[in-house]
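>>> Pasted the sequence and its predicted model underneath.
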Amino acid sequence: MTQNDPSALPDTGPIDWALSTTRSVRKRLDFDRPVPKEVVVEALRLAVQAPTGSNAQGWQWIVVEDQAKKDAIAELYRKSWAEYAGGRNPEEIPGQQGRVVSSAQYLADNLQRAPLFVIPTIKADVPVRDLPDGSLAAFYGSIIPAAWSFLLALRSRGLGSVWTTLHLFHEAETRQILGIPENVVQVALLPVAYTVGTDFKPAKRAVPVEAITHWDSWGSTLA
Ligand SMILES: Cc1cc2nc3c(=O)[nH]c(=O)nc-3n(C[C@H](O)[C@H](O)[C@H](O)COP(=O)(O)O)c2cc1C
C-alpha cells in the first residue's frame, strides 16, 4: 500500500469553513428569493454520499413548494411551538437563550414563507418504537448524517436552513398532507432559503471540547 500523500488532499480551509459556520438560520432566511430546483437537487446529490447502516439507503426526500401545503404544515408547527414555548417572552430571558427563543419565535411566525421545505425521511421495516437500542441508533444514523450533509452543501452555495423537529408532534397530520406512507418516518423539517449575507461565524460552545473528550476511559478527559 502506498503512503498517504498529504499533497493529494484538498485544502481543509473551505471544508472547515462550512463545518464551523453552518448555523441555525432563522431571521436571516431570504423569503423573497426563489430557490432553483437544480440547487436543491445538487445539494441532495451530495447528501446521499453519506453512510447508511448495512448500506441500506432507505432515504427519501420530500421537497415542499406548494404554498397551501407549506401553510398547513407551518400551522401545525406553530401549534407545537406554542406548547413548547409556553408563552415565554424572549425579552425576559437573559443572554444567548433569549436570542435563541426570539429567533425561534420569528421562525414559527414566518415558517410558511420559506421558498421550500425539505423533509428527510427513512423507511422503517418495523415500528420504530419496537426497535432495540442498537437498531434505533442505526436507524436514525442512516438518515441524519445525510440530512446534515445537505445543510453543509446548502451553506457552500449561499443558502441556509435550520434543523427543526417541532412539526413531528403533529407527525400524523403532516403525513396526511403529504401522502407519506405508514412505514416511512420523517426525521426533520428543513426550511430552505438563500441567506441574507453569508458572514456566519463559528458558535461559542459552553464547554471546551477537551473537557468532554475522554481518553481510554470515562473520567480521563483532556482538560
Ligand atoms: C434535533 C434538533 C432539533 C431542533 N429542533 C428545532 C426546532 O424545532 N425549531 C428551531 O427553531 N430550532 C430547532 N433546532 C435548532 C437548535 O435550536 C440550534 O441548533 C441551537 O440553538 C444551536 O444553534 P446553532 O445550530 O446555530 O449552533 C433543533 C436542533 C436539533 C439538533
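In hand now; what should we look at?
>>> just checking, R155 touches T22?
Yes: using CB atoms under 8 Å, R155 is in contact with T22, at 4.4 Å. For glycine as for every other residue, the C-beta is placed from the backbone atoms N, C-alpha and C.
>>> which residues are in contact with both of those two?
The overlap between the contact sets of R155 and T22 (CB atoms under 8 Å, 6 or more residues apart in numbering) consists of F200.
>>> what does this structure have sitting close to the ligand?
R23, S24, V100, A104, L107, V162, W163, T164, T165, L166, A203 (CB under 6 Å from any ligand atom).
>>> which ones are touching the fourth one?
Neighbour list for A104: R26, W81, A85 [criterion: CB under 8 Å, 6+ apart].
>>> again with the last one
Counting by CB under 8 Å, 6+ apart, A203 makes contact with R23.
>>> about what we covered before: output the contacts of A104 in a markdown table; the columns should cover distance to W59.
As requested, these are arranged in a markdown table below (distance: CB to CB, whole Å):
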| residue | distance to W59 |
| --- | --- |
| R26 | 25 |
| W81 | 27 |
| A85 | 31 |
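>>> Would you mind giving me the ChimeraX syntax to select the buried ones in those residues?
ChimeraX command restricting the contacts of A104 to the buried ones, with burial defined by 16 or more other CB atoms under 10 Å:
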select :26,81
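>>> Helices along this protein, start to end?
Residue ranges of the helices in the chain, as given by DSSP state H, are 12-21, 37-47, 67-85, 95-110, 133-140, 144-155, 171-178.
>>> tell me which residues of the fifth one are tucked away?
What it means is helix 133-140. F139.
>>> then that helix to CSV, C-alphas only?
Backbone C-alpha positions of helix 133-140 (Å, rounded to 0.1, in the frame of the first residue of the first chain) are rendered in CSV as follows:
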residue,chain,number,x,y,z
ASP,A,133,-31.3,0.5,21.1
GLY,A,134,-28.7,-0.7,18.7
SER,A,135,-31.1,-0.8,15.8
LEU,A,136,-32.6,2.6,16.8
ALA,A,137,-29.1,4.1,16.6
ALA,A,138,-28.6,2.5,13.2
PHE,A,139,-32.0,3.7,12.0
TYR,A,140,-31.6,7.4,12.8
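>>> Now it: average pLDDT?
On average, the pLDDT along helix 133-140 is 94.
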